[in-house]
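# Could you work out the structure for the sequence below:
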Amino acid sequence: MDVDKTNFLIITMNKAEKNSIPYFLKPEINLHNKALQLIHEKGIKHGNKDIREKYYPEFQKVDEDLQIKLIKKISVLDGALTIKDVKNKIKFLISNDIEDEFVEKYYRELYGWW
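Below you'll find the predicted structure:
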């Protein structure tokens, strides 16, 4: 894997807890070194079992420069909308400009085009 040409995007509907590893990996926070510091201090205790038991130990084996490079390639987008929420939000927005009886039809047209 070429780390320089790789990006990891994690999208979750959950909100990242303030001062947590995912929080520091949010693009608007962008404190990757702080995230790495927390990983070293606390380890990985939650989440996917494979990550905790298989990938995290391998991550610990690589030198710190590569760890930093890898961490800087991770972005966490939290608080993502569900598909149903997106549909409802689009319908709400278009309902401001379209008569109620045509909102569903317009949404289907927009969805088909998208």
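
# Check which element follows the helix or strand of the chain with the lowest mean pLDDT along the chain.
Ranked by mean pLDDT, DSSP states H and E, the weakest helix or strand in the chain is helix 49-50, scoring a mean of 73. Sequence-wise, the next helix or strand downstream of helix 49-50 (DSSP states H and E) is helix 56-61.

# Averaged pLDDT, that following helix. What do you get?
The average pLDDT for helix 56-61 rounds to 87.

# What of stretch 32-48?
Stretch 32-48 carries an average pLDDT of 83.

# List the neighbours of the longest helix anywhere in the chain that are in contact with it.
Ranked by residue count and defined by DSSP state H, the top helix of the chain is helix 83-95. Under the criterion CB atoms under 8 Å, 6 or more residues apart in numbering, residues Leu81, Val103, Glu104, Tyr106, Tyr107, Leu110, Tyr111 lie in contact with helix 83-95. For glycine as for every other residue, the C-beta is placed from the backbone atoms N, C-alpha and C.

# got the CA coordinates for the host helix or strand of the fifth one in CSV?
Assigning secondary structure by DSSP H and E places Tyr107 in helix 103-113. What follows is the C-alpha trace of helix 103-113 in CSV, where atoms were taken according to Å, rounded to 0.1, in the frame of the first residue of the first chain:
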residue,chain,number,x,y,z
VAL,A,103,-43.5,17.3,-3.6
GLU,A,104,-43.3,13.5,-3.8
LYS,A,105,-43.3,13.5,-7.6
TYR,A,106,-40.6,16.2,-7.7
TYR,A,107,-38.6,14.3,-5.2
ARG,A,108,-38.8,11.1,-7.3
GLU,A,109,-37.7,13.1,-10.3
LEU,A,110,-34.8,14.6,-8.4
TYR,A,111,-33.8,11.2,-6.9
GLY,A,112,-33.9,9.6,-10.4
TRP,A,113,-31.6,12.3,-11.8
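
# for that helix, packing partners?
Applying 3 or more CB pairs under 8 Å, 6 or more residues apart in numbering; DSSP states H and E, we find helix 103-113 packed against helix 83-95.

# quick one: average pLDDT of the helix it packs on?
Regarding helix 83-95, the rounded mean pLDDT is 85.
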